[in-house]
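1. could you work out the structure for the sequence below:
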Amino acid sequence: MHTYVFKIADELDGERIDKALGALIDSLSRSFIQKFIKDGKVTVNGEVVKSSYKVSIDDEVVFELPEAVEPDIRAEDIHLDILYEDTDVIVVNKPKGMVVHPAAGHYSGTLVNALMYHCGEELSGINGVMRPGIVHRIDMDTTGSLIVCKNDLAHNSIAAQLKEHSINRVYHAICYGDIKEDEGTIHKPIGRHPSDRKKMAVNEKGKDAITHYKVLKRFGKYTYISCKLETGRTHQIRVHMASIGHPLLGDEVYSNRSCPFKLQGQCLHAMTLGFVHPRSGEYIEVNAPIPTYFNKLLDVF
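-> Below is the predicted model of the structure:
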């Protein structure tokens, strides 16, 4: 059991206890915190409170968090679309709707479950049992190229390339609206949304983020673009394109526009992945074919 003890500062005065704890412990979701409040694991000045309780300056908040127990992650015989593979790395074409690694509510059917079946014990262990081999990720409803490391040598090399922003990552996307300029660069910092912790946002206190985009084809109400990432922040393309008034088609998080098509999340595809091989030093570039649903949209337009 880990016990957190907080004194409420001025900036949280009058906030609900669940929101205040969310701001103080940014690794926990609000729904997770609300469950523990309901279970009586949170006290204010020694008294059990409800989620609606509003904190005051100098309130003493005590939150008892049990030690995390990692679930048993099992190998599952799930088809993998393999774009490249050798003894050090494997690049897969992740389908829409597949979660990359296990997390609360998704302990099976993930890319990790499939990789464990395909690779056996040949996955790097640096990120622990929940994320074997995983050095970066793409969103559940984003398709395309993702590199996985089979050993720690490969993991350290690819992680370093990601940190140096030297990996070539090009995405294809369909946006709302008619983008007038043929190409452009969005250079805006990205951090947590100030009021919705499940979202990211352009935030001056966030991390530096740079996206280069190029128009591939215009369809009046929609624009087909490619985006080259110079940095790799969470939801970077989705946040950046929304910030200039062109959110991605189908994005239910960063767009409030009504989508006329039956889509499963945003139209975003990790097309190109280029990296220096961790053992040979050779530059390798892999391209994931545009998914069927994406091509059908382009044909409809």
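
2. residue 175 in helix, strand or coil?
-> Per DSSP: H, G, I helix; E, B strand; the rest coil, the secondary structure class of residue 175 is strand.

3. what separation is there between the closest residue to it other than its chain neighbours and residue 217?
-> In this structure, residue 175 finds its nearest non-sequential neighbour in residue 246, 4.1 Å apart by CB to CB, 6 or more residues apart in numbering. C-beta here means a position set from N, CA and C on the backbone, and glycine is covered the same way. Applying CB to CB, to the nearest Å, the value for residue 246 to residue 217 is 14 Å.

4. neighbour-wise, which of the two wins?
-> In this view residue 246 and residue 217 are compared by other CB atoms under 10 Å, and residue 246 has more residues nearby, 21 against 11.

5. OK, contacts around that one?
-> Residues near residue 246 by CB atoms under 8 Å, 6 or more residues apart in numbering: 175-177, 179, 223.

6. same check, this time on residue 134
-> Contacts of residue 134 (CB under 8 Å, 6+ apart): 100-101, 111-112, 127, 148.

7. filter the residues you listed down to the ones in helices?
-> Here DSSP state H is the test, and the contacts of residue 134 give 111-112 as lying in helices.

8. now do the helices in the stretch 151-300 of the chain.
-> In the stretch 151-300 of the chain, the helices defined using DSSP state H, counting those that start in this stretch lie at 152-163, 236-243, 292-300.

9. determine the set of other helices and strands touching the shortest one.
-> Taking 3 or more CB pairs under 8 Å, 6 or more residues apart in numbering; DSSP states H and E as the contact definition, the neighbouring helices and strands of helix 236-243 are strand 168-176, strand 183-187, strand 190-192, strand 200-202, strand 210-218, strand 222-229.

10. what average pLDDT does that helix get?
-> For helix 236-243, the mean pLDDT works out to 98.

11. residues making contact with it?
-> 171, 173, 175, 186, 188, 190, 200-202, 209, 211, 213, 225, 227, 229, 233, 247-248, 251, 253-255, 266, 268.

12. how far is that helix from where the chain is centred?
-> Distance of helix 236-243 from the chain centroid (CA atoms, centre = their mean, to the nearest Å) equals 13 Å.

13. just the first one next, same as before
-> Distance, stretch centre to chain centre, for helix 152-163: 19 Å (CA atoms, centre = their mean).

14. contacts for it?
-> 88-89, 124-127, 133, 135-136, 147, 149, 167, 232, 275-276, 278-279.

15. count of neighbours near residue 215?
-> Neighbours around residue 215, by other CB under 10 Å: 17.

16. start at 3, not 1
-> Understood, numbering begins at 3; the last thing we discussed is residue 217.

17. from what I can see it touches residue 180, true?
-> No - judged on CB atoms under 8 Å, residue 217 makes no contact with residue 180 at a distance of 9.4 Å.
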